[in-house]
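Novice: just need the structure, nothing else, for what follows:
(one chain, ligands or ions: 1)
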Amino acid sequence: MNRDHLIKPILEADYPMVKYGKGVYLYDQDNKKYIDGSSGAVTASIGHGVQEIINAMNEQAKKVSFVYRSQFTSEPAEALAKKLSEIMPGDLNWSFFVNSGSEATETAMKIAIQYWQEQGVYTKTKVISRWMSYHGITMGALSMSGHVARRERFVSLLDDLPSVSAPYCYRCPFNLTYPSCDLLCASELERVIQRTGEDKIAAFIAEPIVGASAAALVPPAGYYEKIKTICDRYNVLFIADEVMTGIGRTGKMLAIEHWEVQPDIVALGKGMSAGYTPIAATLVSDRIMDPILKGSKSIMSGHTYSANPLSTAVALAVLEFIEKHQLVDVAADTGKYLKEKLQEIAKKSSIIGDVRGEGLLLGIEFVTNKIEKRSFNKAFNISGLVIKKSMKKGLLVYQANAGEEGVTGDAIIISPPLVITKKEVDELLAILNEVIDEVEEELGL
Ligand code: PLP
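Specialist: Numbering: from 1, shown residues only. Sure thing, here's the model as predicted:
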């Protein structure tokens, strides 16, 4: 087949051609089997080829696939919004459907700004985010992202938004240790708000567990409680970007539920449809909707495909599948098993510096020296080698670093579908173990 027309991530790379997927496995044109150890980009959370989802997709397609949201609403869109309001913590009772995580975070930003405008406050237009974060690839979402590699070509076009340090305990940005650090990384938010001016800040956005830019960074106890106290003190909304962590991935419906904190706005994507169709959502709490309902009565955003019947029917079927098979609890249990096994591999390995994460969102950070934690050299990154060798042996994992030499770690994410069995986890681990041994041997370690 001629492959000269599709713009792929790396143009000269020789990607295998996928033939089909079943459960936690993908098969290529030569029937080579791959265990999906990352759910693609942390997306295929109920595995591939699930018949219930295919049926739901088929049933809805037979009725109607698309309507324009300014002309019609649809049963699946209404039902999905209702379902989300039932399963989400607190009063996140409103859903705005979009097509990608980037659109969901960018919409969250716009809703936060609009919330203040509805009350006559027009200066609160900036969103503070964390350096070493990823909120999406569109210009607004990228402006909020501290992902150097994805920003660098467009810096002059991005909004110059304030940022704070990520809670990266393995490489503390302040060279301190928890708990004597007194959560300085959270206190930094207060300093940045004061320096920028409370009257300019609409919201603070964070991935509850940092994903693509740092591989499953879990902040220490008390971090989010402190963040939320600061947000409340300065009238700053709290947006949880749960595009990667949401819908059970970390062993809770939302990752923020690991802490005693209620977000004002939530961005969802990826696992929401488990990859069966493009759909994402911005969830809004009653408190934030209230002035909008009383004011302009409309959210100034939207896309042609927003809330289309086909995608909403698929996402609804995915949520029902997750509920039926109690996959949130299963993720917590299987994740604990997988993490323990990864920690065992790390103990005997000379290149695994850190194993971290929650549920089935786990990160492994590689170092060339465990004591000095030396890592990430753009010319030679261990994670790249691990990924290449894993793929050759039939295991897919996900590279996670923000591309900033000397700051970012060299890491991968292991995030198999939530339906993975412990036997399949052992299969994944056996390949990973072999790969780590091979890389160490190549490095002469
Ligand atoms: N937010 C987070 C936390 C993500 O991990 C991603 C994608 O990796 C996005 C936003 C952007 O989502 P999408 O790639 O669907 O636009």
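
Novice: and the stretch 51-200 of the chain, which residues reach the ligand?
Specialist: 100-102, 105, 134-137 (Cβ under 6 Å from any ligand atom). All C-beta spots, glycine's among them, are computed from the backbone N, C-alpha and C.

Novice: and if we set it to 8 Å?
Specialist: By Cβ under 8 Å from any ligand atom, the residues of the stretch 51-200 of the chain that approach the ligand are 100-105, 133-138, 141.

Novice: can you give me phi and psi for the residue of the chain found nearest the ligand?
Specialist: Going by Cβ to the nearest ligand atom, the ligand is nearest to Gly101 of the chain, at 2.2 Å. Note on Gly101: backbone dihedrals following degrees, to the nearest 10 are phi -60, psi -40.

Novice: ok, so of the residues of the stretch 51-200 of the chain next to the ligand, who is nearest Ser383?
Specialist: Tyr134 (15.9 Å; Cβ to Cβ).

Novice: dump the residue contacts of the closest one.
Specialist: 145, 147, 150, 207, 211-213, 402 (Cβ atoms under 8 Å, 6 or more residues apart in numbering).

Novice: out of everything not next to it in sequence, what's closest to it?
Specialist: Ala212 (4.1 Å; Cβ to Cβ, 6 or more residues apart in numbering).

Novice: same thing with Val314?
Specialist: Closest to Val314 by Cβ to Cβ, 6+ apart is Thr277, at 4.4 Å.

Novice: next, count neighbours for that neighbour.
Specialist: 19 (other Cβ atoms under 10 Å).

Novice: secondary structure class for it?
Specialist: Three-state call for Thr277 (DSSP: H, G, I helix; E, B strand; the rest coil): coil.

Novice: isn't it up against Ala317?
Specialist: No - assessed by Cβ atoms under 8 Å, Thr277 is found out of contact with Ala317, at 10.0 Å.

Novice: now do the shared contacts for those two.
Specialist: Common neighbours of Thr277 and Ala317 (Cβ under 8 Å, 6+ apart) are Met57.

Novice: wait, is the residue nearest to Tyr134 part of a strand?
Specialist: No - counting by three-state DSSP, one finds Ala212 to be coil, located in no strand.

Novice: tell me the contacts of it?
Specialist: Ala212 neighbours (Cβ under 8 Å, 6+ apart): 134, 147, 244, 398, 400, 413.

Novice: Val127 too?
Specialist: 109, 112, 144, 161, 201-205, 239.

Novice: low-scoring stretches of this protein, by residue?
Specialist: Scanning the chain for pLDDT under 70 picks out 376-379.

Novice: domain map for it?
Specialist: Domain assignment of the chain by automatic domain parsing yields the ranges 18-49+326-443, 53-324.

Novice: just give me the neighbour total for the nearest residue to Val148 once chain neighbours are set aside.
Specialist: Among residues not flanking Val148 along the chain, Glu404 sits closest, at 4.2 Å (Cβ to Cβ, 6+ apart). Other residues near Glu404 come to 18 when the count uses other Cβ under 10 Å.

Novice: what is the neighbour count of Arg356?
Specialist: Arg356 has 23 nearby residues by other Cβ under 10 Å.

Novice: before we move on, the earlier item: which SS class is the residue nearest to Val148?
Specialist: Classification of Glu404 by three-state DSSP places it in coil.

Novice: you'd agree it is up against Arg150?
Specialist: No - in this structure Glu404 lies outside contact range of Arg150 using Cβ under 8 Å: 11.1 Å.

Novice: the stretch 251-400 of the chain: helices as residue ranges?
Specialist: Assigned by DSSP state H, counting those that start in this stretch, the helices in the stretch 251-400 of the chain fall at 286-294, 309-324, 327-348, 382-392.

Novice: dump those into CSV; add distance to the ligand as well.
Specialist: What follows is those, written out as CSV (distance: least, Cβ to the nearest ligand atom, whole Å):
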stretch, distance to the ligand
helix 286-294, 19
helix 309-324, 13
helix 327-348, 17
helix 382-392, 16
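
Novice: can you say which of those is packed in most?
Specialist: helix 309-324 (a mean of 22; mean count of other Cβ atoms under 10 Å).

Novice: quick one: list the elements packing against that one.
Specialist: helix 51-63, helix 75-87 (3 or more Cβ pairs under 8 Å, 6 or more residues apart in numbering; DSSP states H and E).

Novice: and those helices, which is most packed in?
Specialist: helix 75-87 (a mean of 18).

Novice: ok and that helix relative to helix 309-324, angle-wise?
Specialist: In terms of direction (axes from the mean of the first three to the mean of the last three Cα atoms, to 10 degrees), helix 75-87 departs from helix 309-324 by 30 degrees.

Novice: what lies in contact with helix 75-87?
Specialist: 60, 92-95, 97, 253, 268, 281, 283, 307-309, 312-313, 315-316, 319-320, 323.

Novice: tell me who's in contact with the residue nearest to Val148.
Specialist: If a contact means Cβ under 8 Å, 6+ apart, then Glu404 has 132, 148-149 as its contacts.

Novice: Ile288 contacts Leu237, doesn't it?
Specialist: Yes - assessed by Cβ under 8 Å, Ile288 is found in contact with Leu237 at 6.9 Å.

Novice: can you list residues touching both of those two?
Specialist: 112, 115, 264-265.

Novice: show me the contacts for the nearest residue to Trp116 once chain neighbours are set aside.
Specialist: Nearest residue to Trp116, sequence neighbours excluded (Cβ to Cβ, 6+ apart): Lys124, at 4.1 Å. Residues counted as contacts of Lys124 (Cβ under 8 Å, 6+ apart) are 113, 116, 199-202, 235.

Novice: before we move on, the earlier item: include distance to Arg3 when you put the domains of the chain into TSV, please.
Specialist: Compiled in TSV, the domains of the chain are given as follows (distance: least, Cβ to Cβ, whole Å):
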stretch	distance to Arg3
domain 18-49+326-443	12
domain 53-324	23
